[in-house]
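**Student:** Below are the sequence and a predicted model for it; my questions follow.
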Amino acid sequence: MTNDYNDARRQGERARRWATVSGRNPYLTSMEEYVSSSDIAAEHDLGIHEIPLYLYAGTRTRGRQNAFAENFMPLLEESSEFAKKWSDLYESQLEEGLREPVKAYEYMGRFYVEEGNKRVSVMKYLGAYSIPTHVIRCLPKKTDDRDIQIYYEYLPFYEVTGIFGFMFTREGCFEKLAALLGRDLITPWPETLVRDLRNTAEKFAAVFYQKGGSRTGLRAEDALLISLGIYPLETLRDAENDALGKHMDRLWKEFLTESDPENLKLIDSPWQVDKKAGALHDAKIMKMLNVMPVYTASRPLKAAFLYANDEASSSWTYGHELGRNELHRIYGDLIDTIKIENCNDEASIFKGVNLAIDDEDDVIFTTSPLMMPAALKAAIDNPSIKFLNCSTGLTVNAVRSYEARTYEAKFLMGALAAIVAPNHRIGSCAGAPIYGTLAEINAFAIGASMIDPEARITLVWTGKKNYDWEADLISRGISVISGKEFITPRDEKRRHGLYRILEDGSAENLAAPMQNWGRYYALIIESILTGAWEAKSLTDKSQSLNYWYGISSGVIDVIYSKKLSYNTLKLMDLLRDGLVKGTVSPFDGELRSREGIVKDAGSDRLTYEEILSINWLNENVDGEIPPAWEMNDSAKKSISVAGVKK
């Protein structure tokens, strides 16, 4: 068996030279070199399992690490005792197979051999897929390190699947994976599903890395998760490698977009791209036609609007419907629109999208974050159609997002709440911890504390299961409440925005955010007609484009009760004017969360990207960011699509 040892040694020498040239450690990594006993919270004996050989990263101790190259191939001379033992083990494996498992320690998803380095080496040389292993799991101490937090998210996944080494580079992905497969992270998954997922993941990884996936900065599991949002597991499972590669080609821009948080591009005003945006009058419309003679009265721009509910039962839908109708007033025969209502579950959303495609619409507006998965799949399949989704913070390339900077309105309402609150105590509700929501909560709290430094905000969540949030606030002696932003036409109480509970139990509305969807949709349609939609700065192949317009753009404002004093309204106008001019921001100056200082007084104002990704609560907020399991089904769905990363 000398020839086989020499062949294995040549492979080891090649790996050693290549690692040296590449600036890497050319020998096996030793776990004890970079993990001390103080880093380990506990060790769990998991028993014997078949472990894929590609998960082996090195040795447990420093002992024999220099006897092997980084690929576990041997390096010592043919005449050494080591070589003889390696050859004997090789011969034994060919004749009898392995007699006992190796012993290895698993740390952060990788395996480090304590007993059986030569056995791993022989099996790798033979091209085996896995090896029986007595596994000792080393749990790292919990810290704020993202990799450790992701690992602790992996552990429940392991409990329900038994899959080793399956890891993501982003938080929250295991819950998303479970949701996509119709499972949870509590109940053990069926053996057939586990087998299909494991086999698909391995095949997917092979094709992904063969196509250069390592250059994206993603793990194969990240790319698989994106793909599962478009294709069912069965499709990926049954696809031949060539077909799987073609699926990946269609999604490659999405992989690149997901690979870097910097790829999220926020457009904070229409003038960022078109300095003449918003001048909507007949002369300009005629100029558009002269520049881009694509859409005419005989061939209008066709747009579809998908609503989760009907306008009679939903104020959100009603507001967007007013916006759709405003487009006809502004553009007349140049635009033709349809509405598709009650797209509120997966089947009806896909049906609505397909109806719009069959209608040959040029633009499709999906007005709920829950519609993003269907919009993305349709956009991948129909690249000539412009898809938009009413959301923000989602890193998607093929679908553009749009939403208002509602936190600006919340800031004004927080200041007003502090003026009228009789006991420094104010209630505030939020639906679910999704992108933008925590910025709204904190802006409201900061606005209140700027008026009343003693103001305390009691935060409650309307998306919790079986929870009467308003009754809870009132029972705590809180009378000034920032409630739901909108009311349904059928809501008899008519309580929305900022209101106060009077002694007789009735409510007095004080202020409410007003979103002008007509203005927003007109600006987006205008960008299409003028060609600004295709501006080079907006069409980078790997960026996620989010329109995030605010009060200065005219897409959102606050309306106030006529019962408020004129001095109060003067103060509100001053603050609003500061927001419009950019001289006032709730996220300027020193910022303090409940854990301490977030931003020093002399540091720069938070960027829009930083505001959008806020995952902390201001120091004067009493309440918690709830886990998904506490929320109702609707809130869980929102979190699965747009949940803020903690």
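**Tutor:** Structure received. Numbering: from 1, shown residues only.

**Student:** show me where pLDDT drops low in the stretch 401-550 of the chain?
**Tutor:** Applying pLDDT under 70 to the stretch 401-550 of the chain picks out residues 487-494, 540-541.

**Student:** mind listing the helices for it?
**Tutor:** Ranges of helices in the stretch 401-550 of the chain, per DSSP state H, counting those that start in this stretch, are 406-420, 437-451, 469-475, 517-530.

**Student:** Which one of those lies nearest to Gly213?
**Tutor:** helix 437-451 (32.7 Å; CB to CB). Every residue, glycine included, has its C-beta placed from N, CA and C.

**Student:** other SSEs contacting the closest one?
**Tutor:** helix 406-420, strand 425-430, strand 456-461, strand 621-622 (3 or more CB pairs under 8 Å, 6 or more residues apart in numbering; DSSP states H and E).

**Student:** 6 Å instead?
**Tutor:** With contacts taken as 3 or more CB pairs under 6 Å, 6 or more residues apart in numbering; DSSP states H and E, helix 437-451 sits against helix 406-420, strand 425-430.

**Student:** for the shortest one, packing partners?
**Tutor:** By that I understand strand 425-430. By 3+ CB pairs under 6 Å, 6+ apart, strand 425-430 packs against helix 437-451, strand 456-461, strand 480-482.

**Student:** For the ones you listed, give me TSV that also has distance to Thr2 and mean neighbour count.
**Tutor:** Below are those laid out as TSV (distance: least, CB to CB, whole Å; neighbours: other CB atoms under 10 Å):
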stretch	distance to Thr2	mean neighbour count
helix 437-451	66	25
strand 456-461	70	22
strand 480-482	80	27
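
**Student:** Reformat these as TSV; add distance to Asp7.
**Tutor:** Shown next, in TSV, are these (distance: least, CB to CB, whole Å):
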stretch	distance to Asp7
helix 437-451	59
strand 456-461	63
strand 480-482	72
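
**Student:** that older thread, what's the closest of the helices of the stretch 401-550 of the chain to Glu624?
**Tutor:** Nearest of the helices of the stretch 401-550 of the chain (CB to CB): helix 437-451, 11.5 Å.

**Student:** could you check the angle strand 425-430 makes with the closest one?
**Tutor:** Helix 437-451 runs at 160 degrees relative to strand 425-430, counting by axes from the mean of the first three to the mean of the last three CA atoms, to 10 degrees.

**Student:** List of residues touching helix 437-451?
**Tutor:** By CB atoms under 6 Å, 6 or more residues apart in numbering, the residues outside helix 437-451 that reach it are 406-407, 410-411, 414-415, 417-419, 426, 428, 430, 455, 457, 586, 611, 614, 618, 620-621, 644.

**Student:** what's the answer for stretch 616-627, then?
**Tutor:** Outside stretch 616-627, the residues within contact range by CB under 6 Å, 6+ apart are 433, 442, 445-446, 449, 456-459, 461, 592-594.

**Student:** how about that stretch as PDB, C-alpha atoms only?
**Tutor:** Provided in PDB are the C-alpha atoms of stretch 616-627 (Å, rounded to 0.1, in the frame of the first residue of the first chain):
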ATOM      1  CA  TRP A 616     -33.200  48.900  20.200                       C
ATOM      2  CA  LEU A 617     -35.600  50.700  22.300                       C
ATOM      3  CA  ASN A 618     -35.100  54.300  23.600                       C
ATOM      4  CA  GLU A 619     -34.300  54.700  27.300                       C
ATOM      5  CA  ASN A 620     -37.800  56.100  28.200                       C
ATOM      6  CA  VAL A 621     -39.700  53.100  26.600                       C
ATOM      7  CA  ASP A 622     -41.200  50.600  29.000                       C
ATOM      8  CA  GLY A 623     -41.800  47.300  27.200                       C
ATOM      9  CA  GLU A 624     -40.100  44.600  25.200                       C
ATOM     10  CA  ILE A 625     -39.500  43.400  21.600                       C
ATOM     11  CA  PRO A 626     -41.600  40.300  21.600                       C
ATOM     12  CA  PRO A 627     -40.400  36.900  20.200                       C
END
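
**Student:** got the domain boundaries for the protein?
**Tutor:** Domain assignment of the chain by automatic domain parsing yields the ranges 1-141, 143-259, 267-401+520-551, 406-517+553-632.

**Student:** weakest of those domains in terms of mean pLDDT?
**Tutor:** Mean pLDDT is lowest for domain 267-401+520-551 among the domains of the chain, at a mean of 88.

**Student:** Pull up the distance across it, start to finish.
**Tutor:** End-to-end distance for domain 267-401+520-551: 14 Å, by CA to CA, to the nearest Å.

**Student:** again, but for stretch 559-574
**Tutor:** Length of stretch 559-574, first residue to last, CA to CA: 15 Å.

**Student:** Helices of the stretch 51-200 of the chain, start to end?
**Tutor:** For the stretch 51-200 of the chain, the helices defined by DSSP H, counting those that start in this stretch cover 81-95, 117-125, 146-161, 173-180, 191-210.

**Student:** which residue sits farthest out from the middle of this protein?
**Tutor:** Distance from the C-alpha centroid of the chain, by CA atoms, centre = their mean, peaks at Ser79 (56.3 Å).

**Student:** gap between that residue and Tyr467?
**Tutor:** According to CB to CB, to the nearest Å, Ser79 and Tyr467 sit 75 Å apart.

**Student:** now swap in Arg14 and tell me
**Tutor:** Taken as CB to CB, the span from Arg14 to Tyr467 is 63 Å.

**Student:** which stretches of the stretch 251-400 of the chain form helices?
**Tutor:** Under DSSP H, counting those that start in this stretch, the stretch 251-400 of the chain gives helices at 282-291, 315-331, 346-358, 372-381.

**Student:** The ones you listed: which one's closest to Ile186?
**Tutor:** Among the helices of the stretch 251-400 of the chain, helix 346-358 sits nearest to Ile186 (CB to CB), with 21.9 Å.

**Student:** quick one: Asp588 from Ile446, how far?
**Tutor:** Plainly put, Asp588 is 10 Å away from Ile446 if you go by CB to CB.
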